[in-house]
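Asks: With the sequence up front, the predicted model follows.
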Amino acid sequence: MQTESYDVVIVGAGQAGPSLAQAFAQAGRRTAIVEREHVGGTCINEGCTPTKTMVASARVAYLARRAADYGVQTGPISVDMAAVRQRKRAIVDSWRAGGTQRLEQADNLDLLMGTARFSAPHTLHITLNAGGEQQLTAPTIILNAGAHPSTPALAGIEQVAYLNSTSIMELDTVPEHLLVIGGGYIGLEFAQMFRRFGSQVTVIQRSDQLLGREDADIAQAVADILEADGIRVLLNTAPVSVSQSAAGAVELQVRSHSGDETLRGSHLLVATGRTPNSAALNLSAAGVTTDSRGFIQVDERLATNVPGIYAAGDIKGGPAFTHIAYDDFRILKANLLDGATATTSQRRVPYTVFIDPQLGRVGLTETEARAQGLDVRVAKLPMSSVARALEMDEPRGLMKAIVAADSDQILGCAILGIEGGELMSALQIAMLGSVPYTALRDGVFAHPTLSEAFNNLFGQLEASQ
């Protein structure tokens with residue numbers, strides 16, 4: 001078997017991998033990046049890019065049906081799922097091709113398409129997709145192999161043609177009735193999306209609220225919005241078993257405080273989390289440790305327990321967001337190339353849930369702040385009190401901010417409303433700059449914009465004194 005020696009080998013071409021590979025190559029390090037399936041990882045191929053493309057299509061269908069609310073008359077609305085899918089594929093293919101080309105054309109960098117596994121601490125065995133095998137050695141190895149949709153331990157699931165967050169985007173027809181197991185971020189985005197495409201939708205959630213990381217009032221507001229859209233939300237409801245008829249209908253047995261029920265649907269989406277792609281890496285041969293779920297354990301500098309081996313992105317656990325993986329790239333580049341001592345400590349984790357209206361959040365929730373014993377004040381403002389939201393006929397949701405009582409610093413926020421992610425980002429900038437809430441309360445914002453609602457949001461703190 002051919003053995004090649006490199007300065008750096010990166011396994012996985014997700015968000016962190018290609019940027020790291022190019023940075024090392026440009027710095028004169030002989031670099032290889034190994035990708036099993038396609039450049040771009042989950043984000044470009046099965047996550048952010050395709051889902052948000054389809055969310056945009058679903059919002060157009062939603063607005064078209066609401067046209068009369070704006071005084072605009074339209075005819076019957078129908079959705080061509082094959083066209084929605086093709087639009088999604090075209091954008092994904094373009095972005096994937098661009099990323100692949102950049103890697104292939106980079107000097108001092110080899111892109112190998114194949115599956116990697118350890119045969120020794122700093123040696124990787126590669127099974128090439130085109131046939132053949134190769135062995136790579138390097139003093140620095142970075143694991144960026146990502147994660148994949150989990151399959152729950154549910155009786156009968158292996159005999160059912162269920163969908164996950166990847167396969168559901170390949171449907172060419174609108175499901176008649178979509179059953180969604182899981183009330184997290186992924187499940188809710190697809191639930192609302194397909195409701196807007198025309199499906200009947202039922203969401204099944206084991207716990208007593210949707211979006212378990214959020215404050216109860218935010219989660220309830222999300223549930224209210226989804227139910228107003230015609231989605232049935234079942235909380236405190238556990239799937240027990242599932243079966244499929246010869247005609248393809250899905251029967252899902254569920255159990256709640258009120259007893260057992262059989263839910264019947266045309267399609268089943270399983271959205272119950274993600275599993276790291278660590279099993280195929282043969283980590284034991286390298287001595288790399290994982291937690292009980294298979295996530296690679298790293299320190300605050302993203303180093304594993306084996307010197308010279310690092311992990312970035314979803315495979316190491318923690319927040320599974322593209323922007324976190326990219327920040328992992330920045331940390332590793334700074335430390336391994338620039339001699340810095342960057343860490344993940346004190347890293348704020350912003351994110352947006354692309355339901356409509358969006359939920360943008362950063363920093364502490366009220367629940368987290370009070371659990372830490374912090375003395376906080378809470379500002380809340382319904383979007384129905386925001387002039388711009390009313391003008392756009394988008395009054396659903398609320399703004400919520402957590403403020404330190406002693407310093408007036410903003411500790412966190414949740415913005416559930418039209419362009420909630422952008423509004424959250426504005427507050428995140430204030431947090432990054434240690435701007436007190438009073439500056440936003442008294443700031444002059446252009447009228448009529450959504451941002452001027454910060455005047456009234458933080459004015460609630462004065463009114464509550």
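Replies: Here it is on my side, so go on.
Asks: Average the pLDDT values over the one helix or strand Ala379 maps to and round to the nearest integer.
Replies: Ala379 belongs to strand 376-382 when elements are defined using DSSP states H and E. Per-residue pLDDT over strand 376-382 has a mean of 98.
Asks: and that strand, which strands flank it?
Replies: Strand 376-382 has these partner strands in its sheet, going by DSSP bridges: strand 398-404 (antiparallel).
Asks: gap between the strand holding Ala379 and the chain center?
Replies: Strand 376-382 has its average C-alpha position 26 Å from the chain's average C-alpha position, going by CA atoms, centre = their mean, to the nearest Å.
Asks: Please apply the same query to stretch 445-458.
Replies: Per CA atoms, centre = their mean, the displacement of stretch 445-458 from the mean C-alpha position of its chain is 28 Å.
Asks: If we ignore the residues flanking it in sequence, what's nearest Gln134?
Replies: Nearest-residue entry for Gln134: Ile126, 4.5 Å, with adjacent residues in sequence omitted and distances by CB to CB, 6 or more residues apart in numbering. Glycine gets a C-beta too; all of them are placed from N, C-alpha and C.
Asks: which residues does that neighbour contact?
Replies: With contacts defined as CB atoms under 8 Å, 6 or more residues apart in numbering, Ile126 is in contact with Val34, Leu112, Gly114, Thr115, Ala116, Glu133, Gln134, Gln135, Leu136.
Asks: Redo the residues you listed as TSV? Include pLDDT and distance to Met193.
Replies: Converted to TSV, these look like this (pLDDT from 0 to 100; distance: CB to CB, whole Å):
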residue	pLDDT	distance to Met193
Val34	98	33
Leu112	98	36
Gly114	97	34
Thr115	98	32
Ala116	98	34
Glu133	95	42
Gln134	96	41
Gln135	97	44
Leu136	98	41
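Asks: Those residues in strands, which ones?
Replies: Val34, Leu112, Gly114, Thr115, Ala116, Glu133, Gln134, Gln135, Leu136 (DSSP state E).
Asks: Buried ones among these?
Replies: Applying 16 or more other CB atoms under 10 Å to these, the neighbour count classes Val34, Leu112, Gly114, Thr115, Ala116, Gln134, Leu136 as buried.
Asks: ok, of those, which one's closest to Glu422?
Replies: The shortest separation between Glu422 and any of these is 36.8 Å, and it belongs to Val34 (by CB to CB).
Asks: Now name the helix or strand holding Arg85.
Replies: When secondary structure is defined using DSSP H and E, the element that contains Arg85 is helix 81-105.
Asks: quick one: contacts of that helix?
Replies: Counting by CB under 8 Å, 6+ apart, residues outside helix 81-105 touching it are 13, 18, 21-22, 33, 38-40, 44-45, 49-50, 53-54, 57, 109, 111, 169-174, 197.
Asks: Over to stretch 232-246?
Replies: Looking at stretch 232-246 with CB under 8 Å, 6+ apart, the contacting residues turn out to be 152, 154-157, 159-162, 181, 183, 201-210, 223, 226-227, 250-257, 260, 268.
Asks: One more pass at 6 Å, please.
Replies: Contacts of stretch 232-246 with the rest of the structure, by CB atoms under 6 Å, 6 or more residues apart in numbering, involve 154-157, 160, 181, 202-206, 208, 223, 226-227, 250-257.
Asks: May I see the buried residues of it?
Replies: By neighbour count, with 16+ other CB under 10 Å as the criterion, the buried positions of stretch 232-246 are Arg232, Val233, Leu234, Leu235, Thr237, Pro239, Val242, Gln244.
Asks: so how far is Val362 from the second one?
Replies: In this case it means Val233. In this structure, Val233 lies at 26 Å from Val362, with CB to CB, to the nearest Å as the measure.
Asks: Farthest-apart pair in the buried ones among the ones in strands among the contacts of Ile126, please.
Replies: Spatially, the most separated pair among those is Thr115 and Leu136, at 12.5 Å (CB to CB).
Asks: where along the protein do the helices fall?
Replies: With DSSP state H, the ranges of helices along the chain come out as 16-26, 41-45, 48-65, 81-105, 185-197, 216-228, 322-337, 366-371, 387-391, 420-432, 437-442, 453-463.
Asks: ok, and the closest non-adjacent residue to the most centrally placed residue in the chain?
Replies: Within the chain, one residue has its C-alpha closest to the average C-alpha position: by CA atoms, centre = their mean, that is Phe321, at 4.9 Å. The spatial neighbour of Phe321 that comes closest, neighbours along the chain excluded (CB to CB, 6+ apart), is Tyr351 at 5.5 Å.
Asks: measure the closest residue to Ala68 other than its chain neighbours to Ala61 for me?
Replies: Leaving aside its sequence neighbours, Ala68 sits nearest to Thr74 (CB to CB, 6+ apart; 7.7 Å). Taking CB to CB as the measure, Thr74 and Ala61 are separated by 11 Å.
Asks: Give me the more crowded residue out of these two.
Replies: Ala61 (18 against 11; other CB atoms under 10 Å).
Asks: what's the pLDDT at that one?
Replies: Looking at Ala61, its pLDDT is 97.
Asks: So this structure: which segments form each domain?
Replies: 2-149+275-337, 157-272, 357-463 (automatic domain parsing).
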